[in-house]
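[1] Pasted the sequence and its predicted model underneath.
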Amino acid sequence: MKAIIIGGGIGGLTAGVALRDRGWDVTVLERAPNLEPVGSGLAIAVNGLRALDTIGLGDPVRALSRMQGQIGIRRPDGRWLTHTSGDEAAERYGDQAAVVLLRSRLVDLLAEALGPDRLRLGTTVTGVDATTGAVLTDAGEFTGDLVVAADGIHSPSRRAIFPDHPGPVHSGVTAWRGLVPRPAEPLRSSESWGRGLVFGAHPLDEETVYFYATDLAPAGESAGDERAELIRRFGGWHEPIPALLRDADPARILRNDLYYLRDPLPAMHAGRVALLGDAAHPMTPNLGQGACQAIEDAVVLAHVAGGDLAAYTEARLGRTAEVVRRSMSICRMTKLRNPAAVALRDTAMSLATRLTPDLMLRSMDGILRWRPPAPASSDPAPGARA
């Protein structure tokens, strides 16, 4: 059985490893000429770690980092609105709450597990036939019993398969991401919410901090100096935010508009094609679940592949649509600018945490308690090489 995977990002590579472990002949097509470090940091929550366990990569990822100490949401002046701790989360879910790592480190782990002979770089896909499984590229035609479309937020495969679907819409928010040297003073993982603005910072290791920020902005807008733009917006917030921004390299700050799929797809498959990750359910990053849901998609798809792909849609469409909806609901809360509305939001968050101390974790139970499908007794062991 042959699987052709379009896209060498986290979702596509995970699908490649998961399908390979189940005996599929896998080819991953990636248009970039090489897998250079792209992006900055990302979080893999406990549900994503469990999914990675099924391909033998959960523990290598866990070894890279973990969220420790008090974590939560603060005001621009530094006062905590709601919080928990990494230890409390670990006790609740029986695992690390989340790992924060370089995106490039995860891509490297997945690419190494897949093997270079299964990855074709510098290959641009020009067309997909869902009926025959034919994938047209600038390097010729590939045909698979299964085609996995993991080609991103503005997926050409999705547009070809569901031409009448409206596709992703702009959330009204833009995001900045970057990596900076870790300061000498202690740094806690946290997000800070202001009037329409968010700033988050998470230590990756002893030397590096991953930061991100969001604000309302029209799609396509940019600044000549993004660090100066961030200092203008966040320079008066609590430390270490101003210090982190002063230490940032302007040339390495990424800026991206945030899109999400307001209307879920009618299905996550058509014919021999299965859509995966951002191609199937782009979401805002407010729950930190973009990569996790792509990884979940991949291991579930590998579990059902070879049978009716309707089982994949049944297992994934409702869950991912709910994660998209909840993430956008939080995004709307962060977009509030009216002072009275912001004060009401902050008061409600603080009061709810006092009344229900585990509220922050409890609200995530439906997402974080997910477990991958149990393998059949005849399935290869996790991480087994085919």
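    Cool, the structure landed. Numbers count the residues shown, from 1 in each chain.

[2] how about the helices in the chain?
    Ranges of helices in the chain, per DSSP state H, are 10-21, 46-53, 58-62, 86-93, 103-114, 156-161, 226-234, 241-247, 290-304, 310-334, 339-355, 359-362, 365-368.

[3] How far does the longest one sit from its chain's centre?
    On the basis of CA atoms, centre = their mean, to the nearest Å, helix 310-334 is displaced by 13 Å from the centre of the chain it belongs to.

[4] Now it: average pLDDT?
    Confidence over helix 310-334 (mean pLDDT, whole number) is 98.

[5] of the helices of the chain, which approaches Leu261 most closely?
    helix 310-334 (5.8 Å; CB to CB). No exception for glycine: its C-beta is placed from N, CA and C like everyone else's.

[6] For that closest one, give me every contacting residue.
    Helix 310-334 is contacted by residues 171, 173, 193, 196-198, 214, 258, 260-262, 264-265, 267-269, 274, 280-287, 289, 293, 296-297, 300-301, 304-305, 345, 366-367, 370, 373 when judged by CB atoms under 8 Å, 6 or more residues apart in numbering.

[7] make it 7 Å
    For helix 310-334, contacts defined as CB atoms under 7 Å, 6 or more residues apart in numbering pick out 171, 173, 193, 198, 214, 260-261, 264, 267-269, 274, 280-281, 283-284, 286-287, 289, 293, 297, 300-301, 304, 345, 367.

[8] Next: stretch 126-144.
    Contacting residues not belonging to stretch 126-144 are listed as 2-4, 6, 27, 29, 123-125, 145, 147, 149, 157, 160-161, 270-273 [CB under 7 Å, 6+ apart].

[9] And for stretch 234-252?
    Contacts for stretch 234-252 (CB under 7 Å, 6+ apart): 76-78, 178-181, 183, 185, 187, 192, 197, 199, 201, 209, 211, 213, 225-227, 230-231.

[10] For PyMOL, write the select line for the buried members of those residues.
    Typed into PyMOL, the line below selects the buried ones among those, using 16 or more other CB atoms under 10 Å:
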select buried, resi 76+178+179+180+187+192+197+199+201+209+211+213+226+227+230+231
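
[11] Go ahead and confirm Tyr34 touches Leu119.
    Let me fix one detail, which is that residue 34 is Asn and not Tyr. No: between Asn34 and Leu119 there is no contact under CB atoms under 7 Å: 10.2 Å.

[12] more neighbours, the two?
    More neighbours surround Leu119 than the other of Asn34 and Leu119, with 21 against 8 (other CB atoms under 10 Å).

[13] Show me the beta-bridge partners of the more buried one.
    Val28 (DSSP bridges).

[14] List the contacts of it.
    The contact partners of Leu119, taken as CB under 7 Å, 6+ apart, are Gly8, Val28, Glu30, Ala111.

[15] Sketch out the low-pLDDT regions of this protein for me.
    36-38, 67-69, 376-386 (pLDDT under 70).

[16] Could you pick out the longest strand of it?
    Longest strand in the chain, counting residues (DSSP state E): strand 169-181.
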